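> Structure of the sequence below:
(one chain, ligands or ions: 1)
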Amino acid sequence: MNILETDELKAGYDGANVLHGVNLEIKEGEMIALIGRNGVGKTTFVKSVMRLLNKTEGTVLYRGQSIDRWSVHEAARSGIRIVPENRGIFPRLTVYENLEVARFYAKGVKREQIQSVYKLFPRLEERKNLAAGLMSGGEQQMLSIARALLARPKLLLVDEFSEGLQPSITKEIADVLCETNRREGLPILLVEQNAKLALQMTSKAYIMVKGKIVYSGDSKALIDKDEILKENLVI
Ligand SMILES: Nc1ncnc2c1ncn2[C@@H]1O[C@H](COP(=O)(O)OP(=O)(O)OP(=O)(O)O)[C@@H](O)[C@H]1O
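The predicted structure follows:
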């Protein structure tokens, strides 16, 4: 079954479309990549799915149901969670308080479950009493992901998690995302400029150029196809 399916999705800002008809599918248990250069519309796609932005045309189905009339709140309540590009953490609150806020809004998530995200990211437990804004970029990214996972999502949209991070931290976070997908079958859409990283982590990839999907296929088959990646400006 398709968890998410968009058909000829068009969306944009101030009357001008940025997405010009995007067709994309995520099936149960899949981890897929949406790759493309800066400014091609990847975040706009994520915002449309999260209901932060209204589409202008096309269809967005979540578990077979149109989400057109949903608010952001309803999208979140239905299990769609975003790890936004800017991380969206509360810098003045401690790590623990950030997780508590997430728990409060997720409803029904027990306090003990904070331990389970500390297990995924032990650094967060070490820094639990530190103001989140004082942590490194990588640690803040861990917190942003931990917060999303704490809400027990049914679809996770991860926007450019690797941006600005050092390779060892990127790997640590990538391992947690892959392991969560493998162990829990959580469907994940990974939006990335770092094509090679995203292809290594996923089974299927979509390449976006100027608001359109120009290629979709097996990630592992695409990894060595430098000509396709270069032609579509993703490396
Ligand atoms: N709030 C906004 N208002 C107007 N135009 C916007 C807005 N957000 C994005 N855009 C424009 O839409 C286009 C696509 O931006 P988008 O952020 O979706 O690209 P992206 O592929 O995610 O790139 P990036 O990696 O830089 O986020 C860009 O030309 C951008 O300037």
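
> Every contact and neighbour count from this point should use C-alpha atoms.
OK.

> For the ligand, tell me whether stretch 81-89 is touching it.
No. Stretch 81-89 does not reach the ligand (Cα under 6 Å from any ligand atom); its nearest approach is 7.3 Å.

> Can you measure across that stretch, start residue to end residue?
14 Å (Cα to Cα, to the nearest Å).

> buried stuff in it?
The neighbour-count check on stretch 81-89 (16 or more other Cα atoms under 10 Å) flags Arg81, Ile82, Val83, Pro84, Glu85, Arg87, Ile89 as buried.

> got it, and stretch 157-177?
Of all the residues in stretch 157-177, those buried under the rule 16+ other Cα under 10 Å are 157-163, 169-170, 173-174, 176-177.

> now, which of those residues lie within helices?
Ile169, Thr170, Ile173, Ala174, Val176, Leu177 (DSSP state H).

> now the helices: where do they sit in this structure?
Under DSSP H, the chain gives helices at 42-49, 72-77, 95-106, 113-120, 122-126, 137-150, 167-184, 195-201, 219-222, 226-231.

> Of all the ones you listed, which one is nearest Gly29?
In terms of Cα to Cα, the element of those nearest to Gly29 is helix 167-184, at 6.8 Å.

> on contacts alone, who are the packing partners of that closest one?
Packing contacts for helix 167-184, counted by 3 or more Cα pairs under 8 Å, 6 or more residues apart in numbering; DSSP states H and E, involve helix 137-150.

> what's the angle between the helix it packs on and helix 167-184?
Using axes from the mean of the first three to the mean of the last three Cα atoms, to 10 degrees, the interaxial angle of helix 137-150 with respect to helix 167-184 works out to 10 degrees.

> Pull up the residues of this protein that are close to the ligand.
Tyr13, Val18, Arg37, Asn38, Gly39, Val40, Gly41, Lys42, Thr43, Thr44.

> got JSON lines for the ones in helices among the buried residues of stretch 157-177, with pLDDT too?
Listed next are those as JSON lines, based on pLDDT from 0 to 100:
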{"residue": "Ile169", "pLDDT": "96"}
{"residue": "Thr170", "pLDDT": "97"}
{"residue": "Ile173", "pLDDT": "97"}
{"residue": "Ala174", "pLDDT": "98"}
{"residue": "Val176", "pLDDT": "98"}
{"residue": "Leu177", "pLDDT": "98"}
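
> Let me know the closest of those residues to the ligand.
Checking these against the ligand by Cα to the nearest ligand atom gives Thr170 as the nearest, at 16.7 Å.

> Distance check, the nearest residue to the closest one once chain neighbours are set aside against the ligand.
Leaving aside its chain neighbours, Thr170 sits nearest to Ser162 (5.6 Å; criterion: Cα to Cα, 6 or more residues apart in numbering). Relative to the ligand, Ser162 is positioned 11 Å away (Cα to the nearest ligand atom, to the nearest Å).
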